[in-house]
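Novice: Let me see the structure of the following:
(2 chains)
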2 protein chains.
Amino acid sequence: MMKNIMIEIEYDGTNYSGWQVQPNARTVQGEIMKVLKKLTGKDITINGSGRTDAGVHAYGQVATFNMDSNIPIDRLPLALNSNLPKDISIVNAKEMPKGFHARYNAIGKRYIYRIYRNRYRSAILRNYSYHVYSKLDYEKMEKAAKLLLGTHDFRGFMSSGSSVEDTVRTIHKLDIINKDNSVYIHIEGNGFLYNMVRIITGTLLEIGSGKMPVDHINKILEIKDRSLSGHTAPPQGLFLDKVFYPLTH
Amino acid sequence: MMKNIMIEIEYDGTNYSGWQVQPNARTVQGEIMKVLKKLTGKDITINGSGRTDAGVHAYGQVATFNMDSNIPIDRLPLALNSNLPKDISIVNAKEMPKGFHARYNAIGKRYIYRIYRNRYRSAILRNYSYHVYSKLDYEKMEKAAKLLLGTHDFRGFMSSGSSVEDTVRTIHKLDIINKDNSVYIHIEGNGFLYNMVRIITGTLLEIGSGKMPVDHINKILEIKDRSLSGHTAPPQGLFLDKVFYPLTH
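Specialist: Numbering: from 1, shown residues only, chains lettered A, B, ... in the order given. Prediction:
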């Protein structure tokens, strides 16, 4: 019988050209589809909650797919994991009602961005953080974060090249957390534009280091011009932490 | 003028055959010596506080060497780091009194061992933890840890193949910490035998999972036979955290 299956995926994005299948590139989606083909003999398309770029990691990417197989659902993670490369791990699997879709049914996401704050670069965190040593005024960064909360047109925080038309999004939470020689930016919202978390991070860093005043945030939100916001923080500090769905699922 | 220099080194041991220079193998010591040769034109031998095995990491390995160079000491970390591979980082450099030696002057070390406790393996921590999902009785592990504290002959916790004769060591601290889906074993002592931390970890895990009784520790300490202790936990969970020197240095 055809089942609609949801899997949760942790991956280290370092050695991938991102989530999405592409010709002649190693991608996370592509690796999982290869293993599903091996296990079932069929071409199964999996739908992720959204793309992640090359070098970006995930603790809880979500994907759905239809599968006609007699592998019991609670055995599926191990069956997939023993065939997947070590830098991809299926950490949960669940059967969902027909029609449930990882992207269309998602109501929000949480990302974590890690900034490493030591004087010298980290050998161990080189692929999992952005090394920034310059002095940062956390109070200013927190004030700026508060201005980003709520519903705004975030066009000024979107990389060009995106074809999205509706650029209004809601940020529910934006916390700046000091821990383990690092600053973590936790950001939750109903959806994110292309490179939005990385541009917000770059902008907060420029505010923290005094290159931009706090209320520059309001100007970016008002004028909606990418050239006004900060640099795009590099991919390796970014983690897709969780995708949210309505409680009914 | 010849200076005696101490450096502190962070490294990701994943892609190295350990610390110590070996013919035809990539080692951390070898990489640093290559860069010193490049910067000074001279063959400089560096002395580490001790070896680490292939796959073992360090936050604070210490090494000393004599160098006749006009590179200012506070520029040395950056000069080395910009020539070293990204998985090695010099995080401190200091000029020391003549004769100070990273190994002979060390009075203790701290290691951290990370055990990852989720049901499924971690993609992101695959090279930085030991995945153990089975139920663990932390109370038993803590009781066992207490029995290891103090001065004992740890021959039963040493891998064969070591030529060390005096196998008496003192463990000052052995903490078991639950954090971030992991159990961390923090262990401090005046010195450690070959594979001692990894065998202690394996033994504590066997006690935690009920395969060995807590007081088996006393038997191992008494009979001093490696075949009585637990398995050698794998290298990738182990971090050399800090090397201690007398306050006078």
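Novice: Can you name the residues of chain A that neighbour chain B?
Specialist: Within chain A, the residues that sit near chain B (Cβ under 8 Å from any Cβ of the partner chain) are A:10-12, A:57, A:59, A:77-78, A:81, A:86-92, A:118-124, A:126, A:128. For glycine as for every other residue, the C-beta is placed from the backbone atoms N, C-alpha and C.
Novice: Out of the residues you listed, list just those in strands.
Specialist: A:10-11, A:57, A:59, A:88-92 (DSSP state E).
Novice: Neighbour count for these - can I get that in JSON lines?
Specialist: As requested, these are exported to JSON lines (neighbours: other Cβ atoms under 10 Å in any protein chain shown):
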{"residue": "A:Glu10", "neighbour count": "25"}
{"residue": "A:Tyr11", "neighbour count": "27"}
{"residue": "A:His57", "neighbour count": "27"}
{"residue": "A:Tyr59", "neighbour count": "18"}
{"residue": "A:Ile88", "neighbour count": "22"}
{"residue": "A:Ser89", "neighbour count": "24"}
{"residue": "A:Ile90", "neighbour count": "23"}
{"residue": "A:Val91", "neighbour count": "19"}
{"residue": "A:Asn92", "neighbour count": "15"}
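Novice: from the residues you listed, which two are the most distant?
Specialist: The distance between the two most remote of these (Cβ to Cβ) is 16.8 Å, for A:His57 and A:Asn92.
Novice: give me the number of residues near the closest residue to A:Arg126 other than its chain neighbours?
Specialist: Nearest residue to A:Arg126, sequence neighbours excluded (Cβ to Cβ, 6 or more residues apart in numbering or on different chains): B:Lys86, at 4.8 Å. By other Cβ atoms under 10 Å in any protein chain shown, the residues close to B:Lys86 number 12.
Novice: Check what pLDDT B:Lys86 gets.
Specialist: According to the prediction, B:Lys86 has pLDDT 98.
Novice: Equivalent analysis for the one 3 residues further on, please.
Specialist: The confidence metric pLDDT takes the value 98 at B:Ser89.
Novice: Phi first, then psi, for the closest residue to it other than its chain neighbours.
Specialist: Distance criterion Cβ to Cβ, 6+ apart; nearest residue to B:Ser89, sequence neighbours excluded, is A:Ala123 at 4.2 Å. Here is the backbone geometry of A:Ala123 (degrees, to the nearest 10): phi -70, psi -40.
Novice: Number of residues surrounding A:Ala123?
Specialist: Other residues lying near A:Ala123 total 24 when counted by other Cβ under 10 Å.
Novice: need the contact list for it.
Specialist: B:10-12, B:86-89 (Cβ atoms under 8 Å, 6 or more residues apart in numbering or on different chains).
Novice: For the host helix or strand of A:Leu205, which helices and strands make contact with it?
Specialist: Taking DSSP states H and E as the definition, A:Leu205 sits inside helix A:196-208. Counting contacts by 3 or more Cβ pairs under 8 Å, 6 or more residues apart in numbering or on different chains; DSSP states H and E, helix A:196-208 packs against strand A:108-116, helix A:138-148, strand A:168-179, strand A:182-189, helix A:216-223, strand A:238-244.
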